[in-house]
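S.K.: could you work out the structure for the sequence below:
(one chain, ligands or ions: 2)
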Amino acid sequence: MRIEHAEVIVCSPGRNFVTLKLVTSDGVVGYGDATLNGRELAAASYLRDHLAPLLIGRDAHRIEDTWQYLYRGAYWRGGPVAMTAISAVDVALWDIKGKACGLPVYQLLGGACRDGCLAYAHASGRDVAELLEAVAAKLALGYRAVRAQAGVPELRKVYGVATGSEAYEPAARGARPDEEVWDSRAYLRHVPGVFAALRAQFGPEPALLHDVHHRLTPLQAAQLGRALEPHDLFWLEDVTPAENPDALRLVREHTVTPLAIGEAFNTFWHCRTILQDRLVDYIRVKPSHTGGISHVRRILALAELSQIRSGCHGATDISPVGMAAALHVGLAIPNFGIQEHQRHEPLVDAVFPHAYRFDDGYLHPGDEPGLGVSLDEALAAQHPYVAAYLPVNRLADGTMHDW
Ligand code: CS2
Ligand code: MG
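M.R.: Ligands and ions are numbered 1, 2, ... in the order given. Below is the predicted model:
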């Protein structure tokens with residue numbers, strides 16, 4: 001079964017997605033997600049101009065060999081653009097293998113280790129009252145775990161907080177990124193009170209998560225972790241900048257609040273120190289940006305040896321193809337932790353009809369052969385690419401800040 005056709009489809013049904021479509025000599029179609037938020041066209045070009053021509057004629061069943069060929073074969077290894085492109089090829093080939101065998105991908109990965117994947121929803125509010133309402137709404141939908149983000153009184157706008165009645169979307173359409181103003185001290189003063197209010201309202205049972213978006217120094221992160229200990233967080237995410245795992249050592253020494261990191265990692269080499277030294281409790285690598293199902297599976301197998309669990313990134317920029325891939329892995333690994341579930345808009349679900357489903361707090365990938373996701377190409381074509389960016393973050397004096 002040879003790969004005969006490789007096509008990159010860029011569409012924007014409300015937000016941008018890059019999808020790889022592979023077709024074999026037997027007519028089997030496989031999809032992979034290559035969406036790189038705010039840098040979509042770079043990943044699309046890497047795939048279209050550099051990888052697609054290499055794929056034509058290859059044996060579609062040789063998933064691992066193709067991964068090695070694209071990763072080791074390139075002198076310039078790693079990085080988000082290349083790894084997102086390789087991820088898409090790998091995921092599309094698992095989709096094809098599943099369809100060729102008549103089995104859902106999770107069966108090829110060893111079969112289900114659980115009945116469903118615990119999911120966490122997003123809730124946010126410009127103030128605490130609005131956040132309490134948002135969390136209550138997610139619990140009413142059946143979620144047992146909720147990520148809570150709140151506006152900070154001194155700050156006009158905070159990343160991760162919806163600005164109106166519409167669902168929160170990380171990237172904004174426009175030729176340039178929005179600029180936000182950040183103040184770590186104001187944020188640190190505010191957050192512990194937010195979680196005290198959440199526990200007072202909802203009691204000890206719901207799992208509560210919080211995302212810091214890489215904005216703190218190690219000492220500030222340690223202070224926050226400690227201040228949140230009485231409120232029993234499921235995890236505190238991305239407390240310090242992602243590229244420096246050593247920053248987490250100091251945080252770890254001073255707090256027992258569970259930590260998560262990894263949504264911006266693209267290979268095992270970003271994870272090595274963290275896994276070896278057990279610097280976090282949850283690792284957020286996912287098939288879409290971290291080398292596909294093949295590479296994520298390896299990282300999570302190593303994570304298991306350190307008692308670290310998965311917590312796959314599942315924001316709206318992970319397409320339904322990427323979500324399905326994460327769910328097949330999540331169902332099959334022994335050390336699954338939790339799956340982020342920032343729901344897509346109905347138009348996105350219409351462009352990518354899928355078998356995965358949410359029920360009573362858990363996601364299940366479904367039992368269709370392959371990933372269980374298809375692409376309505378005619379509908380996708382009605383929604384062409386629109387430039388959109390994640391915001392940038394400055395301090396009050398104009399200095400650029402991490403996020
Ligand atoms: C966030 C995302 O979901 C998360 O945890 O950190 O909003 C993230 O910033 C975007 O997915 C980046 O593309
Ligand atoms: Mg995050």
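S.K.: near ligand 1, which residues of the stretch 201-350 of the chain? Just list them.
M.R.: 211, 213, 263, 315, 317, 340 (C-beta under 6 Å from any ligand atom). Every residue, glycine included, has its C-beta placed from N, CA and C.
S.K.: in the stretch 101-250 of the chain, which residue sits nearest ligand 1?
M.R.: residue 170 (3.8 Å; C-beta to the nearest ligand atom).
S.K.: quick check: the gap between that residue and residue 397.
M.R.: Residue 170 sits 25 Å away from residue 397, going by C-beta to C-beta, to the nearest Å.
S.K.: compare the two (neighbour count), which wins?
M.R.: The neighbour count for residue 170 versus residue 397, taken as other C-beta atoms under 10 Å, is higher for residue 170 (18 against 6).
S.K.: isn't the more buried one up against residue 318?
M.R.: No - at 11.0 Å, residue 170 does not count as touching residue 318 under the criterion of C-beta atoms under 8 Å.
S.K.: residue 387 contacts residue 174, correct?
M.R.: Yes - between residue 387 and residue 174 a contact is recorded at 6.8 Å, counting by C-beta under 8 Å.
S.K.: more neighbours: these two, which one.
M.R.: Higher neighbour count among residue 387 and residue 174: residue 387, with 14 against 11, using other C-beta under 10 Å.
S.K.: give me the pLDDT for that one.
M.R.: In this model, residue 387 is scored at 98, pLDDT.
S.K.: what's the neighbour count on residue 156?
M.R.: By the criterion of other C-beta under 10 Å, residue 156 has 9 neighbours.
S.K.: regarding it, what is its secondary structure?
M.R.: Assigned by DSSP: H, G, I helix; E, B strand; the rest coil, the conformation of residue 156 is coil.
S.K.: leaving out sequence neighbours, find the closest residue to it.
M.R.: Ranked by C-beta to C-beta, 6 or more residues apart in numbering and with sequence neighbours excluded, the top spatial neighbour of residue 156 is residue 181, at 6.5 Å.
S.K.: do the same with residue 220
M.R.: Closest residue to residue 220 apart from its sequence neighbours, by C-beta to C-beta, 6+ apart: residue 184 at 5.8 Å.
S.K.: quick check: that neighbour vs residue 368, distance?
M.R.: From residue 184 to residue 368 the distance is 46 Å (C-beta to C-beta).
S.K.: in the chain, which spans are helices?
M.R.: 40-45, 52-55, 63-72, 80-101, 105-108, 128-140, 184-202, 218-228, 247-254, 268-276, 292-305, 320-332, 346-351, 377-381 (DSSP state H).
S.K.: deepest of the ones you listed, which one?
M.R.: Here the criterion is mean neighbour count by mean count of other C-beta atoms under 10 Å, and of the helices of the chain the winner is helix 320-332, at a mean of 29.
S.K.: got the contact list for the residue nearest the centre of the chain?
M.R.: Centroid-nearest residue in the chain, with C-alpha atoms, centre = their mean: residue 313, separated by 2.1 Å. Going by C-beta atoms under 8 Å, 6 or more residues apart in numbering, residue 313 touches 262-263, 284-286, 288-289, 326, 340.
S.K.: let's see it at 10 Å
M.R.: 237, 260, 262-265, 284-290, 322-323, 326, 339-340, 342 (C-beta atoms under 10 Å, 6 or more residues apart in numbering).
S.K.: quick one, grab the pLDDT at it.
M.R.: pLDDT, residue 313: 98.
S.K.: what values do phi and psi take at it?
M.R.: phi -60, psi 130 (degrees, to the nearest 10).
S.K.: name the nearest residue to it, sequence neighbours excluded.
M.R.: residue 263 (3.9 Å).
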